[in-house]
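> Got a predicted model here, sequence first, then my questions.
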Amino acid sequence: MIELIDSHCHVDASDFDVDREAMLERARAAGVTQLVLVGASESLGQAQATVDFARSHEGVYATVGVHPHSAAKLDETWWPALCELAALPEVVAVGESGLDFYYDESPRPVQEARFRDHIELAARLGKPLICHIRDAHELAAEMLGAQAKGRVQTIIHCFTGAPVDAQRYIDLDCYISFSGVVSFKGASAQPVRDSVALVPLERLLVETDCPFLAPVPHRGKRNEPAFLVETAKVLAGLRELELPELAAATVANTRRVFALTQPQGTCI
Ligand SMILES: [Zn+2]
Ligand SMILES: [Zn+2]
């Protein structure tokens, strides 16, 4: 069976309350051996819950960070505690943090300030940084170039930009992760598809970002890690690779960037 790792998911979301363990079982049956459970916390309690979830599920690895949507909610009372959580040895990355100028749920200057805080935290801890960037690629690349380059290994998750944006991140040696968006048929996803071939194979990642962004043929439904193979198939096609080759490259890349150990047999 083809092995895959979901490099970005939110399997602790309430969307999975009804069938969480069955969903993880389906992931394992579909060859997804490890999952990176990304913190997009709106509170300190939520970040702690993400870490606890990973601790109690083999093959699930937590990250800690505050989503740009929630940047304005982050205050001095819980940032120090969040930094302590991020420093735990079992927390594999800082994030997701970044800039989302599409939804603008937090004021832009606040998003920028919190993004800087997360970059500094990742540099201090020597951990990779997961970046959520939407409609702000030029500024994000500028900030990463000034503050992160050579100090922090960065991952641009759920890449939604154009080839010119991908090239900026490639020049900064970022990993670039693609979600089910690459499988969408509409013209708006074409720049994302056009970017796939530019990314060096050793910097390519694949993710679900579940419960969001289910790939075709599941589009519109709740997404889950078992659907990851559909996105991997599209990436393989765009790169003119066989699926096993594409899958093996993304597995190796995910293990390298997050320093995951190879599981003994299949787990989750
Ligand atoms: Zn995100
Ligand atoms: Zn996410």
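The structure has been received and is ready for your questions. Everything quoted here is computed from the prediction, not taken from an experiment. Ligands and ions are numbered 1, 2, ... in the order given.
> use CA for all of it now, contacts and neighbours both
Noted.
> The stretch 1-150 of the chain: helices as residue ranges?
Taking DSSP state H, counting those that start in this stretch as the test, the helices found in the stretch 1-150 of the chain are 20-29, 44-55, 79-86, 108-125, 137-147.
> Now render those as TSV, adding distance to residue 264.
Formatted as TSV, these follow (distance: least, C-alpha to C-alpha, whole Å):
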stretch	distance to residue 264
helix 20-29	13
helix 44-55	17
helix 79-86	26
helix 108-125	28
helix 137-147	36
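> Relative to residue 225, which of those helices is closest?
Of all the helices of the stretch 1-150 of the chain, helix 20-29 sits nearest to residue 225, with 5.3 Å by C-alpha to C-alpha.
> helices and strands around the closest one, which ones?
Helix 20-29 sits against no helix or strand, with contacts defined as 3 or more C-alpha pairs under 8 Å, 6 or more residues apart in numbering; DSSP states H and E.
> next one: that helix to chain centre, how far?
Distance of helix 20-29 from its chain centroid, counting by C-alpha atoms, centre = their mean, to the nearest Å, is 19 Å.
> Give me the buried positions along that helix.
Of all the residues in helix 20-29, those buried under the rule 16 or more other C-alpha atoms under 10 Å are 20, 23-28.
> Likewise for stretch 77-87?
In stretch 77-87, the ones that count as buried by 16+ other C-alpha under 10 Å are 79, 82-83, 85-87.
> For the closest residue to residue 61 other than its chain neighbours, give me its contacts.
Leaving aside its chain neighbours, residue 61 sits nearest to residue 36 (4.9 Å; criterion: C-alpha to C-alpha, 6 or more residues apart in numbering). Counting by C-alpha atoms under 8 Å, 6 or more residues apart in numbering, residue 36 makes contact with 5-9, 60-63.
> Residue 262: neighbouring residues, count only.
13 (other C-alpha atoms under 10 Å).
> now swap in residue 170 and tell me
So residue 170, with other C-alpha under 10 Å, has 17 neighbours.
> you'd agree it is up against residue 202?
No - Residue 170 is beyond contact range of residue 202, at 11.1 Å (criterion: C-alpha atoms under 8 Å).
> ok so, going back, going by distance to residue 214, which of the buried residues of stretch 77-87 wins?
Distances from residue 214 to these, taken by C-alpha to C-alpha, are shortest for residue 86, at 28.6 Å.
> What sits closest to the closest one if chain neighbours are left out?
residue 64 (5.5 Å).
> Could you point out the bridge partners of the one you found in the sheet?
Residues in a beta bridge with residue 64, per DSSP bridges, are residue 94.
> Tell me the pLDDT of it.
Residue 64 carries a pLDDT value of 96.
> One more: residue 265?
On the pLDDT scale, residue 265 gets 60.
> who are the neighbours in contact with the residue nearest to residue 86?
Contacts for residue 64 (C-alpha under 8 Å, 6+ apart) come out as 38-41, 47, 50-51, 82, 85-86, 91, 93-96.
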